[in-house]
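Chemist: fold the following.
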Amino acid sequence: MNDLQSILLAFLRLILLLGCIKWQDCAVHGHPHGAGLGSCGNMLPVHQSVAAQTSASPFVVTQTFNPASYNTSTVYKVSLSVAQSSSARFKGYFCQGRAALSLTNDNGSPLGTFVNLPTGAKTMTCGGLVASAVTHIDSSLKSRVVLNWLSPNTRSESIEVRCSFVQSFGTFWQQVRPTVGAIPARRPVIPPSGGPPNDVGLLAVNTTGCGETKGCYRDPSLCSSEQDCDFLYTQRIVTQSANSTQAVVEIELAGAKLSNGQGWVAVGYSSDGQMGNDDVLACEAGSSGRVYAKNLWDIRKHNVIDNPSDGAQYLQNIVTSQLNGRISCRFQRVLDTGNPTRDLDLSKPWTLMFGMRSTGTGSQGSPLSAIHNGNPLTSTKRVRATDIFEIQAKGEPALLLKIHAGLMALSWMIFSAIGLFLARFMRKAWDTPRWFTSHRALMVMVWVCSILATVAVFLEVKEFSREATLHAVFGLITVSLAFIQPFMSLLRCAPDNSRRVIFNWAHRIVGFVAQGLGCKKALQLVIFSFN
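Modeler: The predicted structure follows:
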């Protein structure tokens, strides 16, 4: 009993120690996903033993309303930006409406609420008032954020929107007071030395003219610019080429909320809505932090980058940008390059495919060699580069993938689980022929369904990818173990044979390993396929 108590006490101490380590870890790294409720009062980030800066803030707050003469129940713009004389960036912010006459370090009550948030922001409930504060949701570097503040329904005092800015864990400014005026315009950032002169820090890609002067696809459907669209594609005819027989199309691509500074957004022009032999135009952010526009040709599920001379010849007037973790590209290309083996004639109707990846690199060391996030979306109709539209997109059906997921779930989460239960717990409750016959029938179903599921997924992907995921690798291991089980049973010797124990353990180990891997992978695949 004393030994048991000692073990339990040691286990409890370990849990407490891990909890302390986790708490300290959070304290050291601050709040990369936004301020906590502890910031509601004095608007300070909870960074232990670190005081706010007393110097002038390099970040400014601009509100478009007069603190003493605002209209009630009215939405006003409030911008967070970098001072003209500074090149600093902020990682986090926390804003509230406060009484204008209150001190900058007080614990006053919030006034007004925040609505129609930009991407990368979330509201908080402070002082019992829902959405009375707004903060960041990631720690990417920021230079400009525009908020929408809704004034109270009654006017009793002057109000100003104050913000606290975090530049780093040890550097932050508390309750920066606003100036009144128009929202500052975007300020371009000087590109790193050695970069092409057409690569700028800010590029405004928006939906102005969509369906009227240019063709567009945007997601979500109500987004308006590169800063609130997860994916934005626009096209418009801008000029005639020198021989006056062929138009030039201007393409804009934007989106892909990057988590580590690397990723891409791309549009593919396809004859069948499936990946393979497609003309692909992409906007890529590499490990160097630079953003590039690229002209690609997609062979099955792997991109092959065009010859550098082709890129220089076919893509012109390139402008790129990366801001707040989002990338944008604008470039021009002739509709028909005259190279049908590597470029399609964009004056003809094609199905558009939209894909992106928000993190990491692939097997070839570049983001574009990494597979896209989820299935690419395809346009609901074919379009030409000369068309003006606002097009919708749908997810790739991937029927065979869903069949694969369903069969695997049926095999490992139902048939195999019941079969193992009968073999393990029903030997004594049922007579031998009954439990064994049921167990064998269920395992035959596992075998058949697993083989059919494997055939289905290979018919869908048409190859074992060079970038095969752990799911694919462990899936093949699981099916292989299931495949050999009936053949192992042919080697089963009589119950009284001295070597029967070898078969029993081999059969159990292979079965339990396959069951464990199968259930986990089947559940993951079902969630992915039907999400």
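Chemist: so what does Val446 have for phi and psi?
Modeler: Dihedral pair for Val446: phi -60, psi -50, per degrees, to the nearest 10.
Chemist: then the one 5 residues further on?
Modeler: Note on Ile451: its backbone torsions stand at phi -70, psi -40 [degrees, to the nearest 10].
Chemist: how near is it to Leu420?
Modeler: Between Ile451 and Leu420 the distance, using Cβ to Cβ, to the nearest Å, works out to 19 Å. Using the backbone N, CA and C atoms, a C-beta is placed for each residue, glycine as well.
Chemist: neighbour-wise, which of these two wins?
Modeler: Between Ile451 and Leu420, Leu420 has the larger neighbour count (other Cβ atoms under 10 Å), namely 19 against 15.
Chemist: and the contacts of the helix or strand that contains that one?
Modeler: Here Leu420, judged by DSSP states H and E, is contained in helix 416-425. Outside of helix 416-425, the residues within contact range by Cβ atoms under 8 Å, 6 or more residues apart in numbering are 430, 435, 438-439, 442-443, 446, 511-512, 514-515, 518-519.
Chemist: mind listing what's buried in it?
Modeler: Across helix 416-425, burial judged by 16 or more other Cβ atoms under 10 Å covers 416-420, 422-423.
Chemist: what does stretch 334-352 give?
Modeler: 334-337, 343-347, 350-352.
Chemist: in strands, which of these fall?
Modeler: 334, 351-352 (DSSP state E).
Chemist: distance check, the spatially closest residue to Val134 that is not a sequence neighbour against Ile403.
Modeler: Spatial nearest neighbour of Val134, excluding adjacent residues (Cβ to Cβ, 6 or more residues apart in numbering): Phe114 at 4.3 Å. According to Cβ to Cβ, Phe114 stands 46 Å off from Ile403.
Chemist: those two: which is more packed in?
Modeler: The residue with more neighbours, out of Phe114 and Ile403, is Phe114; 25 against 18, by other Cβ under 10 Å.
Chemist: what about the more buried one, distance to Leu37?
Modeler: For Phe114, the distance to Leu37 - Cβ to Cβ - is 16 Å.
Chemist: endpoints of stretch 255-275, how far apart?
Modeler: Using Cα to Cα, to the nearest Å, the end-to-end distance of stretch 255-275 comes to 21 Å.
Chemist: quick one: the helices in the stretch 101-250 of the chain, in order.
Modeler: Here the stretch 101-250 of the chain has no helices by DSSP state H, counting those that start in this stretch.
Chemist: can you show me the strands along it?
Modeler: For the stretch 101-250 of the chain, applying DSSP state E, counting those that start in this stretch gives strands covering 113-115, 121-126, 129-136, 144-150, 159-168, 171-176, 179-180, 215-219, 231-240, 247-255.
Chemist: how about these in TSV, adding distance to Arg499 and mean pLDDT?
Modeler: Listed next are the strands of the stretch 101-250 of the chain as TSV, based on distance: least, Cβ to Cβ, whole Å; pLDDT from 0 to 100:
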stretch	distance to Arg499	mean pLDDT
strand 113-115	74	93
strand 121-126	64	90
strand 129-136	66	92
strand 144-150	72	91
strand 159-168	68	92
strand 171-176	72	91
strand 179-180	88	92
strand 215-219	62	89
strand 231-240	62	84
strand 247-255	63	88
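Chemist: save the ones you listed as JSON lines, and put in distance to Gly41 too.
Modeler: Below are these laid out as JSON lines (distance: least, Cβ to Cβ, whole Å):
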{"stretch": "strand 113-115", "distance to Gly41": "18"}
{"stretch": "strand 121-126", "distance to Gly41": "8"}
{"stretch": "strand 129-136", "distance to Gly41": "11"}
{"stretch": "strand 144-150", "distance to Gly41": "19"}
{"stretch": "strand 159-168", "distance to Gly41": "12"}
{"stretch": "strand 171-176", "distance to Gly41": "11"}
{"stretch": "strand 179-180", "distance to Gly41": "24"}
{"stretch": "strand 215-219", "distance to Gly41": "39"}
{"stretch": "strand 231-240", "distance to Gly41": "39"}
{"stretch": "strand 247-255", "distance to Gly41": "37"}
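Chemist: highest average neighbour count across these?
Modeler: Among the strands of the stretch 101-250 of the chain, strand 159-168 has the highest mean neighbour count (mean count of other Cβ atoms under 10 Å), at a mean of 24.
Chemist: helices or strands next to it in the packing?
Modeler: If contacts are counted by 3 or more Cβ pairs under 8 Å, 6 or more residues apart in numbering; DSSP states H and E, strand 159-168 sits against strand 59-63, strand 75-82, strand 92-99, strand 171-176.
Chemist: tell me which of these is the most buried.
Modeler: Buried most deeply of the helices and strands packed on strand 159-168, by mean count of other Cβ under 10 Å, is strand 92-99, with a mean of 26.
Chemist: ok, it: who's next to it in the sheet?
Modeler: Strand 92-99 pairs in its sheet with strand 129-136 (antiparallel), strand 159-168 (antiparallel), by DSSP bridges.
Chemist: mind putting those in a markdown table, distance to His471 included?
Modeler: Converted to a markdown table, these look like this (distance: least, Cβ to Cβ, whole Å):
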| stretch | distance to His471 |
| --- | --- |
| strand 129-136 | 33 |
| strand 159-168 | 38 |
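Chemist: and those: which comes nearest Gly273?
Modeler: Smallest distance to Gly273 across the strands paired with strand 92-99 (Cβ to Cβ): 38.1 Å, for strand 129-136.
Chemist: quick one: that closest one to strand 144-150, angle?
Modeler: If you take axes from the mean of the first three to the mean of the last three Cα atoms, to 10 degrees, strand 129-136 sits at 170 degrees to strand 144-150.
Chemist: with adjacent residues omitted, what lies nearest to Asn153?
Modeler: Ser73 (4.8 Å).
Chemist: I misspoke; the intended subject was Phe512.
Modeler: Spatial nearest neighbour of Phe512, excluding adjacent residues (Cβ to Cβ, 6+ apart): Leu420 at 7.5 Å.
Chemist: and the gap between that neighbour and Met413?
Modeler: Counting by Cβ to Cβ - Leu420 and Met413 are separated by 12 Å.
Chemist: check Lys77 too.
Modeler: Lys77 is 52 Å from Met413, by Cβ to Cβ.
Chemist: coming back round to it: what's the closest of the strands paired with strand 92-99 to Ala100?
Modeler: Smallest distance to Ala100 across those (Cβ to Cβ): 4.5 Å, for strand 159-168.
Chemist: would you mind writing the CA trace of the closest one as PDB?
Modeler: Presented in PDB, the C-alpha positions along strand 159-168 are these (Å, rounded to 0.1, in the frame of the first residue of the first chain):
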ATOM      1  CA  ILE A 159     -14.600  58.900 -26.500                       C
ATOM      2  CA  GLU A 160     -11.400  58.000 -28.100                       C
ATOM      3  CA  VAL A 161     -10.100  54.600 -29.300                       C
ATOM      4  CA  ARG A 162      -6.800  53.700 -27.600                       C
ATOM      5  CA  CYS A 163      -4.500  50.900 -28.500                       C
ATOM      6  CA  SER A 164      -1.600  49.100 -26.900                       C
ATOM      7  CA  PHE A 165       1.100  47.900 -29.300                       C
ATOM      8  CA  VAL A 166       3.500  45.000 -28.900                       C
ATOM      9  CA  GLN A 167       6.700  45.000 -30.900                       C
ATOM     10  CA  SER A 168       8.400  42.200 -29.000                       C
END
